[in-house]
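Engineer: Okay, here's the prediction I keep looking at, along with the sequence it came from:
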Amino acid sequence: MYFPQPGDYIDIHVHGGKPAAGIFILESLMAHEEKVAEGNPGIAYTYGIHPWFLNEGNYNQQIISVEKNVASSLIIAIGEAGFDKIRGPSPDLQRKAFEKQVIIAEKQLKPLIIHCVRAWDELLSVHKELKPRMPWMIHGFRGSVEMAAQLISKGIYLSVWFDFVLRPESANLLRSLPGNKFFLETDGADVDIRDIYLKVSNDLKITVDELKGIIHSNFNRFFCPPGDF
C-alpha cells in the first residue's frame, strides 16, 4: 500500500494515469475492465462499478468482481460507484448496485468514491437509509454552492471537476468549501494537476504549499478507518 508523501501533489481521481515525481495519483479501476492494481510507488487504487457500464446481464459478475478485488491493500477505496440520469441502466438497477457497494465499503472499512449526475435526491436518500460510517466523496463535482453545502453537511467530501476548477467562475464555489472537505483531480484528462493547484491556490489566496498541506491532511483523514485518526 502506498500513500502520498508530504509535499506531493495529490490527484484524487485518475483513469489511465501514471505517477510522476512529486505527484501521487489515485487510479480508478472499473469492474467491467481487465485492469489490475499494481504495487508501484506513487499510486493507489479504487475499484468499483461505474453506472455507465452496468446492465442486468453483468450485474452479478461485476458485484463478484468487486467483492473479490477490494480486499487487496492496494485498493484503498470502493468506486467509482453511483448514479447517472443521463447515461446508464434503470434507476432501480443503479440504486441496487450502489447500495451493494456501500455495504461492501462498510465491510471492508474503506471509503466510497461516487459518480453522481443529476441524482442528488437518490444519493442522499441512500445515505439517510444506510447511515454509512465510512466517508463518501463525490468526484467531478461542479454543482452549486447550495448543493455543496448540503452534501458537506452530511459529512460528504467533494472533489471538484477539473474543467470547472480552471474556469474563473469556480472561485465562488471553491471559497465556499470548508478546507477539510475537498480534493482536486484531473479525471485522466490531458491537464496538469499542478496547474489546477496553482489556480485554486490563487482563488483561495494561499500558497501552493499550503494547499498541498490541506489536501494531504484531507487524504489522511478520508482514508483512515473510523477511530484511527
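Structural biologist: Sure thing, it's come through.
Engineer: Residue 196: which element?
Structural biologist: Assigned by DSSP states H and E, residue 196 belongs to helix 193-204.
Engineer: what's the answer for residue 149, then?
Structural biologist: helix 145-153.
Engineer: Which residues does the next helix or strand after that helix contact?
Structural biologist: For helix 145-153, the following helix or strand on the C-terminal side (DSSP H and E) is strand 157-160. Contacts with strand 157-160, where a contact means CB atoms under 8 Å, 6 or more residues apart in numbering, come from 12-13, 135-142, 148, 151-152, 170, 173-174, 177, 181-185, 218, 222. Any C-beta I mention is one placed from the backbone N, CA and C, and that applies to glycine too.
Engineer: Report the inter-axis angle for the helix or strand hosting residue 116 versus helix 145-153.
Structural biologist: With elements taken from DSSP H and E, the one containing residue 116 is strand 112-117. With axes from the mean of the first three to the mean of the last three CA atoms, to 10 degrees applied, the angle from strand 112-117 to helix 145-153 works out at 160 degrees.
Engineer: Now do the buried residues in the helix or strand that comes right after strand 112-117.
Structural biologist: Sequence order places helix 120-130 as the next helix or strand after strand 112-117, per DSSP H and E. Using 16 or more other CB atoms under 10 Å as the test for burial, helix 120-130 gives 122, 123, 126, 127.
Engineer: is it true that the second one touches residue 81?
Structural biologist: No - taking CB atoms under 8 Å as the contact criterion, residue 123 and residue 81 are not neighbours in contact, 10.3 Å apart.
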